[in-house]
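Enquirer: output the structure for:
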Amino acid sequence: MDALTCVEGRAIPFGRKNIDTDLIIPARWLKTISREGLGAGAFEAVRAEDPDNVFDQPQYAGAPILIAGDNFGCGSSREHAAWALRDMGIAAVIAPSFSDIFAGNAFKNGILAVALPQEAVDRLLEVAATDPITVDLDAQTVTTPFQDRFIFDIDPFRKHCLLNGLDEVGLTLERGEAIADYEERVAASKPWLARGTGIAA
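Expert: Residues are numbered from 1 along each chain as shown. The predicted model follows:
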C-alpha cells in the first residue's frame, strides 16, 4: 500500500446521499478477483442515466478526491467498491458520514475517508466546481484556495497506517524482528515443534 500524506487536486462534486456499494460498483462487476479495471464500472448507473454526469466531465478526469453526501458506502459489504474507487484514482472521499464497513474497506485499500459537517461539505462542493482542494492527513485538515480550513478526526491507528503505507502485511513485517526472536525461542525450548518447518532446532 502506498503511503498517503497529502491529497491535492480537483474533487468530483457528487454530493448525493445514501450512495450504496451497488451504485458504486454494480454486482455484475463482482465476478473478478482483480482490483484492476473496476474503475470502468464505477458509478455505471449514474453515468448511464445522465450523459452530463460529473464523472464523465473532462475537468474531473483523474481527480483524486470525491465529495459525496451523507451515509456514503451503505449497503452490502463488497470490498470491490473501494477497489473501484482506487482504480479510478480516488485517494480521499469527503462526506458527512460513511457506512462503517465501507470506511473499513476504504482504509484497508489506502483510501482516506474524511467525515465533515454538512455545511463544510456544501462549501467544498461549491469550491470543487472551479478550484482544487487539499486534504492534509498529517495536519488533519481540508483546505481550499479561498482560506477555508476544515479539521477532521481520524483514528490514530488508521492515521499511522495510511501515513506509512502499512496494510496487514506491512504491519506484520514491522514486527519481523520480534517474530524471528519468538521462533528462535520456540525452536530452542520445543525442538519437536520445529521439525519439518525449516526452523533451526
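
Enquirer: the strands in this protein, which residues?
Expert: Here the chain has its strands, by DSSP state E, at 6-9, 11-13, 65-67, 92-95, 112-115, 133-136, 141-143, 149-151.

Enquirer: send me the longest helix anywhere in the chain as CSV with only the CA atoms.
Expert: Ranked by residue count under DSSP state H, the longest helix found in the chain is helix 176-189. Below are the C-alpha coordinates for helix 176-189, written out as CSV (Å, rounded to 0.1, in the frame of the first residue of the first chain):
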residue,chain,number,x,y,z
GLY,A,176,9.7,-9.1,11.9
GLU,A,177,12.4,-9.0,14.5
ALA,A,178,10.1,-9.9,17.3
ILE,A,179,8.6,-12.8,15.3
ALA,A,180,12.1,-14.1,14.5
ASP,A,181,13.1,-13.9,18.1
TYR,A,182,9.9,-15.8,19.2
GLU,A,183,10.5,-18.5,16.6
GLU,A,184,14.1,-19.0,17.8
ARG,A,185,13.0,-19.3,21.4
VAL,A,186,10.3,-21.9,20.5
ALA,A,187,12.8,-23.8,18.4
ALA,A,188,15.2,-23.9,21.3
SER,A,189,12.6,-24.8,24.0
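
Enquirer: ok now it, how far from the chain's centre?
Expert: Chain-centre distance of helix 176-189: 35 Å, with Cα atoms, centre = their mean, to the nearest Å.

Enquirer: buried stuff in it?
Expert: residue 187 (16 or more other Cβ atoms under 10 Å). Glycine gets a C-beta too; all of them are placed from N, C-alpha and C.

Enquirer: equivalent analysis for stretch 161-177, please.
Expert: 161-162, 166.

Enquirer: and what of stretch 13-30?
Expert: For stretch 13-30, by 16+ other Cβ under 10 Å, it's 13-15, 19-21, 23-26, 29-30.

Enquirer: shouldn't residue 92 be in contact with residue 136?
Expert: No - at 10.2 Å, residue 92 does not count as touching residue 136 under the criterion of Cβ atoms under 8 Å.
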